[in-house]
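Q: A structural model of the following input is requested.
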Amino acid sequence: MPQVENINNNINENYISKNIIDYSKIKGSETTIVIDNGSYQCRAAWATQPQPDLIFRSIIAKVRAKKANEKNFYVGSDFPQIDSSRLTIRSPFDNNICCHPEIQELIFDHIFSNLGIDTPAINHPILLTEPVCNLSVTRKMITELLFETYAVPKLNFGIDGIFAYNHLMKINNLNEMEDGIIINSGNNTTHLLVIHNHQFQANKTLRLSIGGHHITEYLRELIQIKYPNLKNLITTPRLQEIKQKFLYVGDNYLDQLKQFHYLSPFVDKKQLIIQFPIPASQQSKENNQNSNELNELEKERKLQLRKQQGQRLSEMAQQRRQKQLEDQQSKLEELEDLRLQKKNYSAAQFKKLLEEYNHKNIGALDREIEALYANINWNKTIITQEDNVKYFGLLDIADENLNEEQLRQKRKQRTLKQIRHQKERAQLRKQTVKQENQEKILREQELREHNPTQWLADLQRRRTELLTNFERRRKTKESQKDRRGLQAKKRMRLLAEHGSNSISSKKKGSNANDNKDEDLFGLNDDDWNIYLEMAGEQDHFSRELIESEELELEEIDKKLADYWRCVATDGKSNNFIYNDYQILLGVERIRCPEILFQPNIAGYDQMGLIETLQTLIKQFDMKTQINLVNNIALVGGNAKLEGFEQRIRNDFQCLRPINTNVQIKTLQNPQLASWFGAANFALNNNNFLKTAILKQYYNENGIDRIKYKLHQASNIYY
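A: The predicted model follows:
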C-alpha cells in the first residue's frame with residue numbers, strides 16, 4: 001500500500017541562527033566573514049562560528065504596488081503571505097555565473113545586517129567562494145562592489161569544490177590537497193575536478209550542464225503532464241521538498257523501470273502518495289457541495305419533471321404556431337379583398353382607403369401580401385413536418401390510389417419513418433449499453449465493497465493480460481521484419497501453394513483457341529482464402545481492438561490509483577477533497593535523478609556523469625588512475641540524493657580493471673562542506689592573508705590593473 005506523505009503549506013528555506021555572536025564582542029577585530037555564494041543557496045557567518053549562521057535562497061523578491069508596512073524587497077524565500085502576482089523574483093545568477101551586481105548588493109546587505117554590523121564600512125576581511133573557471137569580468141565586478149560600496153579591508157576568492165574537498169579530507173584524517181577526484185554536483189552544473197601532485201589541475205576539469213535545477217524542472221514537467229489541474233499547487237519550493245525527501249537514484253535503472261512497469265510488491269513499497277495542503281476556501285466549498293448534493297432519486301425526479309416541462313412547451317409552441325398561421329391567413333384574405341376593391345374607387349378614394357390600413361401606396365400593399373404568403377408557407381411546412389413525424393398514413397395506401405402530390409408525400413413519409421426508426425433503434429441501443437454499463441459498475445462496486453481482495457486481484461490479472469497482449473504484438477511485429485523468420489516462411493509457403501494451384505487449374509481449363517492470358521483472380525471466392533489465412537495472424541493487430549484495450553488499460557490504472565488513494569485515507573473512499581489534492585509518485589522518483597547519468601531522457605544532448613568521469617580518468621596513466629579513483633569526493637547538493645554514492649560506485653567499478661579499488665567519500669550534509677572548508681582556510685592557513693587583495697592595493701591600481709594572487713583553492717588567473 002502506498003504511503004501518504006504530506007507537503008508543508010508554508011515552506012521556508014531561510015535559516016537564521018539564534019546563536020549569532022553579538023557584534024559588539026568582535027567589533028574592531030579582524031575576524032573574517034566567510035560567504036559561500038552559491039547559485040541556489042547562500043551560506044554566511046563569521047569564520048570562528050562552528051557552522052554558518054545564515055542560510056537562505058540566493059533570490060530576492062521585489063514588491064510591486066507596495067502597500068503600507070510592506071518592504072520594498074525580500075531576500076531569500078521568506079516571503080510574506082501576499083499575492084504572488086505582486087512579486088518579481090530575481091536571482092543574481094545566470095546558470096552558476098553571478099551577472100547582476102545590483103541584486104548581489106541586496107544579498108550582501110542582507111548578510112551584513114543579520115550579522116549585526118552597524119558601522120558604515122565593513123571593517124572585516126571577506127572570503128568569498130566562486131565556481132571553478134569563473135569569468136574574470138564577474139570576479140572584478142564583485143571585487144569592485146565590495147571595495148567601493150562596503151570598503152572591506154581585504155578580499156579573497158576560492159573555488160567552492162576545492163574548499164569542500166579539503167574539509168572532507170580533514171574529516172577523514174587526510175592531508176589537504178590529497179590526490180583525488182572531486183565530483184561537485186550543484187544547482188546548475190556538475191563539475192569534475194582533479195587534484196594531482198597536490199595541485200588543482202584546471203586544464204583537466206570537465207563540466208556537465210546538468211544539476212539540481214534541471215532535476216526539479218523535469219519533475220515539474222512530469223507532474224504537470226500527469227496532473228494538469230494541480231498546476232498552481234506545484235510550486236518550486238514544494239518541488240524542492242519533494243526532490244530532497246522522496247527522490248532517489250536507482251542502483252540499476254533499467255531493472256527498476258521494468259519493476260515499475262508491472263504491479264508488484266516492489267512498486268507498493270516505492271510508490272508514494274503526496275498530499276498537498278488544501279486551501280481553507282476549497283474545504284468550505286467542498287463541504288457545502290457535499291451537504292447540498294442531491295441523491296439519485298431526486299435527480300431522476302427532476303429529470304422527469306424537465307421532460308414533462310419540455311413536452312408542454314412543445315405543445316404550447318405548436319398551438320401558438322397554429323394560431324399565428326390562422327391570423328396570417330385571415331389578414332391575407334382581408335388585404336387581398338382590399339386590393340380587389342381598387343377598381344370600385346377613384347385614385348384619391350383608394351389612397352385614402354389605403355391610409356386607413358396604414359399603407360402609403362399600392363406597392364406597400366403588394367409587398368406586405370408577398371411577405372404574408374412567405375410566412376404562411378413557412379409555417380405550413382413546419383407544421384406539416386411535425387405532423388408527419390407522428391403520422392405516416394399514406395404508407396398503408398397503394399400507389400395506384402394516390403395522385404402525384406400524395407405519392408411525393410408518401411416518399412417523404414417513408415424517409416421520415418426510416419429516420420425515426422433509426423433514431424429509436426440508436427436510442428434503444430444507447431439505453432441498453434448504458435444500462436449494461438450501470439449494472440457492470442454496480443457489480444464491480446459491490447465486489448469492491450464486499451471482497452476488495454478479489455476485486456483487486458481481478459484488476460491486476462486483467463492488467464497483466466493486456467500488457468501481455470501488447471508485448472505479444474510487439475514481438476510479432478518485430479518477427480515479421482525478419483525474412484528468415486517463421487512468419488515470413490509461412491506466408492511464402494502459402495503464396496507458393498496458391499501459385500502452383502492456379503497454374504494447374506489454368507492448364508486444365510485452358511482453351512486451345514484462346515491465346516490471350518486472362519487475369520481471373522477474384523472470380524472464385526476460394527481465391528481469397530489465401531489472404532484470409534495470412535491475415536489470420538494479424539487479427540490481434542485490429543485497430544479497434546488495440547484502441548479498446550488501451551482505453552481499458554487506462555481505466556484500470558485509474559481505478560487502481562483511486563483505490564490506493566482511498567486506502568491511504570483510511571478507507572474514506574468518498575473523501576474527494578483529499579483525492580483532488582494528491583499525486584501518486586512512482587517511477588518519477590528514479591526517473592528525475594537519472595538525468596544526471598542519462599541526460600538524453602530529458603532532452604539534453606550531453607554525456608552522463610559516469611561517461612564524463614571515465615573520460616576524465618583516461619587523461620592519466622594507469623598508476624595515476626589508481627591513486628585518483630582511490631579518493632573520489634562527492635560534494636554539492638545532489639550528493640544528498642539517496643543512492644547517489646552507491647550508483648557511482650557500481651557503474652564506475654564496472655568500467656575499471658579487475659581488483660581496482662574505488663573509494664568514494666561524502667559527508668552527511670555535503671551542501672555545507674564548501675563553507676566549512678573556506679572557514680578552515682580563513683582560520684588556519686597563512687596563505688589567506690598573503691593572497692588576499694588589499695583595499696590599498698585596489699585604490700592604487702584600480703579594477704582594470706588588479707592582479708589576483710594564487711593559492712591552493714583559487715582559480716587560475718589570466
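Q: what sits against Leu239?
A: Neighbouring residues of Leu239 by C-beta atoms under 8 Å, 6 or more residues apart in numbering: 216, 219-220, 223. All C-beta spots, glycine's among them, are computed from the backbone N, C-alpha and C.
Q: how does it look with 6 Å?
A: 216, 219-220 (C-beta atoms under 6 Å, 6 or more residues apart in numbering).
Q: just the ones of the residues you listed in strands?
A: In strands, judged by DSSP state E, none of the contacts of Leu239 are found.
Q: could I get these in TSV, plus columns for pLDDT, distance to Glu355 and neighbour count?
A: TSV is the format used below for the contacts of Leu239 (pLDDT from 0 to 100; distance: C-beta to C-beta, whole Å; neighbours: other C-beta atoms under 10 Å):
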residue	pLDDT	distance to Glu355	neighbour count
Thr216	95	85	20
Leu219	95	84	23
Arg220	94	79	19
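Q: looking at these, which are in helices?
A: Counting by DSSP state H, the part of the contacts of Leu239 found in helices is 216, 219-220.
Q: of the contacts of Leu239, closest to Gly636?
A: For the contacts of Leu239, the closest approach to Gly636 (C-beta to C-beta) belongs to Thr216, at 14.4 Å.
Q: who's in contact with that closest one?
A: Thr216 makes contact with 239, 243, according to C-beta under 6 Å, 6+ apart.
Q: can you check the one 3 residues further on too?
A: Contact analysis of Leu219 by C-beta under 6 Å, 6+ apart lists 239, 592.
Q: hang on, the earlier thing: how about CSV for the contacts of Leu239, with distance to Pro131 added?
A: Listed next are the contacts of Leu239 as CSV, based on distance: C-beta to C-beta, whole Å:
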residue, distance to Pro131
Thr216, 19
Leu219, 24
Arg220, 25
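Q: now do the helix or strand encompassing Arg301: distance to the chain's middle.
A: For Arg301, the element it lies in under DSSP states H and E is helix 296-340. Computed by C-alpha atoms, centre = their mean, to the nearest Å, the separation of helix 296-340 from the middle of its chain amounts to 54 Å.
Q: immediately after that helix, which helix or strand?
A: With elements assigned by DSSP H and E, the helix or strand that comes after helix 296-340 is helix 347-356.
Q: so which residues make contact with that following helix?
A: Lys342.
Q: what mean pLDDT does that helix have?
A: Across helix 347-356, pLDDT averages out at 77.
Q: now stretch 554-574
A: Mean predicted confidence for stretch 554-574 is 67.
Q: state the pLDDT value of Glu446.
A: The score at Glu446 is 84. That number is its pLDDT.
Q: show me how far the helix or strand harbouring it is from its chain's centre.
A: Per DSSP H and E: Glu446 is located in helix 404-450. Relative to the centre of its chain, helix 404-450 is centred 41 Å away, using C-alpha atoms, centre = their mean.
Q: next: stretch 547-560.
A: Computed by C-alpha atoms, centre = their mean, the chain-centroid distance of stretch 547-560 equals 20 Å.
Q: buried ones in it?
A: Within stretch 547-560, the residues that count as buried by 16 or more other C-beta atoms under 10 Å are 549, 553, 556, 559-560.
Q: same deal with stretch 396-411?
A: Neighbour-count burial for stretch 396-411, counted by 16+ other C-beta under 10 Å, picks out 409-410.
Q: equivalent analysis for stretch 188-206, please.
A: Of the residues in stretch 188-206, those buried (16+ other C-beta under 10 Å) are 188-196, 200, 204-205.
Q: same check on stretch 358-375?
A: By neighbour count on 16+ other C-beta under 10 Å, the buried set for stretch 358-375 is 359, 365, 368, 372.
Q: just to revisit the earlier point, next, the angle helix 347-356 makes with the helix holding Arg301.
A: Here helix 296-340 runs at an angle of 170 degrees relative to helix 347-356 (axes from the mean of the first three to the mean of the last three C-alpha atoms, to 10 degrees).
Q: which residues of the stretch 51-200 of the chain fall in strands?
A: Taking DSSP state E, counting those that start in this stretch, the strands of the stretch 51-200 of the chain run over residues 54-57, 60-63, 73-75, 87-90, 93-94, 97-98, 126-130, 154-159, 180-185, 190-196, 199-200.
Q: elements contacting the third one?
A: Spelled out, that is strand 73-75. strand 60-63 (3 or more C-beta pairs under 6 Å, 6 or more residues apart in numbering; DSSP states H and E).
Q: elements contacting the strand it packs on?
A: strand 73-75, strand 87-90.
Q: give me the sheet partners of it and which way each runs.
A: Looking at strand 60-63 with DSSP bridges, its partner strands are strand 73-75 (antiparallel), strand 87-90 (antiparallel).
Q: just send these back as a markdown table, with mean neighbour count too.
A: Shown next, in a markdown table, are the strands paired with strand 60-63 (neighbours: other C-beta atoms under 10 Å):
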| stretch | mean neighbour count |
| --- | --- |
| strand 73-75 | 21 |
| strand 87-90 | 14 |
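Q: let me know which of those strands is the nearest to Glu594.
A: The closest of the strands paired with strand 60-63 to Glu594 is strand 87-90. By C-beta to C-beta, the value is 28.7 Å.
Q: can you list contacts of that closest one?
A: 59-62, 103.
Q: what about 8 Å?
A: Contacts for strand 87-90 (C-beta under 8 Å, 6+ apart): 59-64, 74, 79, 100, 103.
Q: picking up where we left off before, reformat the strands paired with strand 60-63 as TSV; add mean pLDDT and distance to Ala164.
A: Listed next are these as TSV, based on pLDDT from 0 to 100; distance: least, C-beta to C-beta, whole Å:
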stretch	mean pLDDT	distance to Ala164
strand 73-75	84	24
strand 87-90	84	27
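Q: could these go into CSV alongside distance to Gln329?
A: Supplementary listing: the strands paired with strand 60-63 in CSV, determined by distance: least, C-beta to C-beta, whole Å:
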stretch, distance to Gln329
strand 73-75, 80
strand 87-90, 72
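Q: tell me which of those strands lies nearest to Gln418.
A: That would be, of the strands paired with strand 60-63 and by C-beta to C-beta, strand 87-90, which comes in at 66.0 Å.
Q: circling back: I'd like the contacts of strand 87-90 laid out as CSV, including distance to Ile693.
A: CSV is the format used below for the contacts of strand 87-90 (distance: C-beta to C-beta, whole Å):
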residue, distance to Ile693
Ile59, 28
Ile60, 27
Ala61, 32
Lys62, 32
Val63, 36
Arg64, 38
Tyr74, 32
Phe79, 36
His100, 22
Ile103, 23
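Q: selecting buried members of those residues in ChimeraX, what would you type?
A: A single ChimeraX command selects the buried members of the contacts of strand 87-90 (16+ other C-beta under 10 Å):
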select :59,60,61,62,63,74,79,103
